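# Next comes the sequence, and after it the predicted model I'd like to discuss.
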Amino acid sequence: MEKKGCPGFKTAGVSCGLKKNGQKDLGLIYSEVPANVAGLFTQNRVQAAPVLLDRQRITRGVCRALIVNSGIANCCTGEQGMRNAIQMAGFAAAGLGVAEDEVLVSSTGVIGDPLPVEKIQVATPALINALHGEGIHDLAEAIMTTDTVPKVVCRRGELDGVLFTVTGVAKGSGMICPDMATMLCFVMTDVQASPGLLKEMLKAAVDRSLNRITVDGDTSTNDTVLLMANGLSGAEVLNDAQRDVFQPVLDDVLIELAKWLIKDGEGATKLVEIVVTGAETDMDARRIADTVANSNLTKTALFGEDANWGRILAAVGRAGVAVAPEKTDIRFGPVLMVQNGMGCGKSAEVEVTKVLKQTEFDITIDLKSGKGHASVFTCDFSIDYVKINADYRS
């Protein structure tokens, strides 16, 4: 993968022995100057120690670094887990020469196992030594768990004649059905913006991207999305006109990462957008899209390339939304398979099967009852998903 970075940020990833396979499992982001920061976190009531710590520290709105590990989630580990998270930050702060409360922490991996912080302590000097302006590929590898590929997206824009960069890195392959975040996602930019405005822009971008994806209907205990802005480009986001320039670039980075997370879903072979139109409200459309996207019967049919439209219509009917099945149409790509609640026959099914053999396509459900619209990205549910999760800890 092409190495990409963001001016003023250095990143690194090394192995500290948390993973059994010896792969990279400890990462670091360092801003050369204080960076304003905003974050969104899991809404799961069971929350990992690093999430709880970050929620406290991010209220300052400024950070200098993030240290992150994979392999162990540091969740459901009691008071010792919080002490370990604080120690992780302390190791990085001491090595970087920054205030401890300016260091954020993140973890991902197995829930319930104690975090061997002594391994992190030993590896931290090498981690800091490895910091580089183009070390983001190593960081992306260090946060992977069941991911098959590292995920990095970099975009550039121009604001009032000044060039700026937005670079994001993410991990996630299973436990993807986020509420305010998705697994781990860290975004860096060299624009200047207040923490409050960063939070608004991040929330808007996440709602258009990471909150519109599902792999398996499960939300993690460690979900974290951070946006750090160091202002070194000289570009500023102060007003609505400037936000209108910056927001689409941020959106693009997160949408691309979101799609990548679904493509790399555990055992996934297809990226499918579930589009619902003609609902009475956008909220109704979203409830239906979520129900279809998380339907195991629908997802297994997608894997089997089976044009079983009845499963989709049945999912629509149990979404808790008033619908008129006798008015509902369903299209697979451009092919009309269901019209007014009834199948269009074998010839349509033959064409739908061709669509199902593609790796990316959309399914559109038109309720013809209003102007409500929503869409969600999902993937198929394969045999490999069961194999991966049946022995995840071993």
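Done, it's in.

# Can you report how many residues neighbour residue 152?
24 (other CB atoms under 10 Å). Backbone N, C-alpha and C define where each C-beta goes, glycine included.

# quick one: contacts for it?
Residue 152 sits next to 1, 4, 136-137, 140, 167-169 when contact means CB atoms under 8 Å, 6 or more residues apart in numbering.

# In helices only, show me those.
Among the contacts of residue 152, the residues falling in helices (DSSP state H) are 136-137, 140.

# ok, those vs residue 283, which is closest?
Lowest distance from residue 283 to the ones in helices among the contacts of residue 152 (CB to CB) belongs to residue 140, with 34.9 Å.

# thinking that closest one is in contact with residue 169, fair?
Yes - Residue 140 lies in contact with residue 169 (CB atoms under 8 Å); the separation is 4.8 Å.

# who has more neighbours, those two?
Using other CB under 10 Å, the more surrounded residue of residue 140 and residue 169 is residue 169, with 29 against 26.

# Give me the buried positions along the longest helix anywhere in the chain.
When the chain is scanned for its longest helix (criterion: DSSP H), the result is helix 240-263. Burial within helix 240-263, assessed by neighbour count using 16 or more other CB atoms under 10 Å, is assigned to 242-243, 245-247, 249-263.

# Just the buried subset of the contacts of residue 152, please.
With burial judged by 16+ other CB under 10 Å, the buried subset of those is 4, 136-137, 140, 167-169.

# where does the stretch 1-150 of the chain dip in pLDDT?
1-3 (pLDDT under 70).

# 80 instead?
1-4, 146 (pLDDT under 80).

# ranges for the helices of it?
49-57, 78-96, 117-129, 136-142 (DSSP state H, counting those that start in this stretch).

# Just list the residues touching residue 59, thanks.
Contacts of residue 59 by CB under 8 Å, 6+ apart: none found.

# List of residues touching the one helix or strand residue 299 maps to?
In the assignment (DSSP states H and E), residue 299 maps to helix 296-303. Residues external to helix 296-303 that are found in contact with it (CB under 8 Å, 6+ apart): 269-270, 272, 292, 307-308, 311-312, 314-315, 356, 378-383.

# from the chain's centre, how far out does the longest strand seen in the chain sit?
Secondary structure assigned by DSSP state E gives strand 26-41 as the longest strand of the chain. Offset of strand 26-41 from its chain centre (CA atoms, centre = their mean, to the nearest Å): 17 Å.

# list the buried ones in it?
26-31, 34-41.

# same deal with stretch 339-354?
344, 348-349, 351-352.

# now swap in stretch 99-107 and tell me
For stretch 99-107, by 16+ other CB under 10 Å, it's 101-107.

# what do you get for stretch 275-287?
275-279, 284-287.

# Just the mean pLDDT for it, thanks.
Taken as a whole, stretch 275-287 has an average pLDDT of 97.

# Touching that stretch from outside, list them.
Contacts for stretch 275-287 (CB under 8 Å, 6+ apart): 288-289, 292, 319-322, 362-376.

# now could you export just the CA positions of stretch 292-306 as CSV?
Extracted C-alpha coordinates of stretch 292-306, given in CSV (Å, rounded to 0.1, in the frame of the first residue of the first chain):
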residue,chain,number,x,y,z
VAL,A,292,-33.0,-5.9,6.1
ALA,A,293,-29.3,-5.2,6.3
ASN,A,294,-29.0,-7.2,9.6
SER,A,295,-31.3,-10.1,8.5
ASN,A,296,-29.3,-13.3,8.7
LEU,A,297,-31.6,-14.9,6.2
THR,A,298,-31.1,-12.1,3.7
LYS,A,299,-27.3,-12.1,4.2
THR,A,300,-27.0,-15.8,3.8
ALA,A,301,-29.1,-15.6,0.6
LEU,A,302,-26.7,-12.9,-0.7
PHE,A,303,-23.7,-15.3,0.0
GLY,A,304,-25.5,-18.1,-1.8
GLU,A,305,-26.4,-15.8,-4.7
ASP,A,306,-30.0,-16.8,-4.3
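
# Quick one: the helices in the stretch 251-394 of the chain, in order.
282-293, 296-303, 309-317, 346-356, 383-390.

# Nearest to residue 9, out of those?
The nearest among these, by CB to CB, is helix 383-390 at 32.4 Å.

# Return the backbone torsion pair for residue 15.
The phi/psi pair for residue 15 (degrees, to the nearest 10) reads phi -100, psi 130.

# let me redo that: residue 163
phi -80, psi 140.

# Double-check it against residue 235; I have them as touching.
Yes - using CB under 8 Å, residue 163 is in contact with residue 235, at 7.4 Å.

# More neighbours: which of those two?
Taking other CB under 10 Å, residue 163 and residue 235 do not tie; residue 235 has more neighbours (24 against 13).

# Quick check, pLDDT for residue 294.
On the pLDDT scale, residue 294 is placed at 90.

# Please apply the same query to residue 255.
94.

# Could you report the neighbour count for the closest residue to it other than its chain neighbours?
Distances taken as CB to CB, 6 or more residues apart in numbering place residue 209 nearest to residue 255, at 4.4 Å, with adjacent residues excluded. By other CB under 10 Å, the residues close to residue 209 number 26.

# Residue 209 and residue 183, how far apart?
13 Å (CB to CB, to the nearest Å).

# Likewise for residue 351?
Taking CB to CB as the measure, residue 351 and residue 183 are separated by 36 Å.
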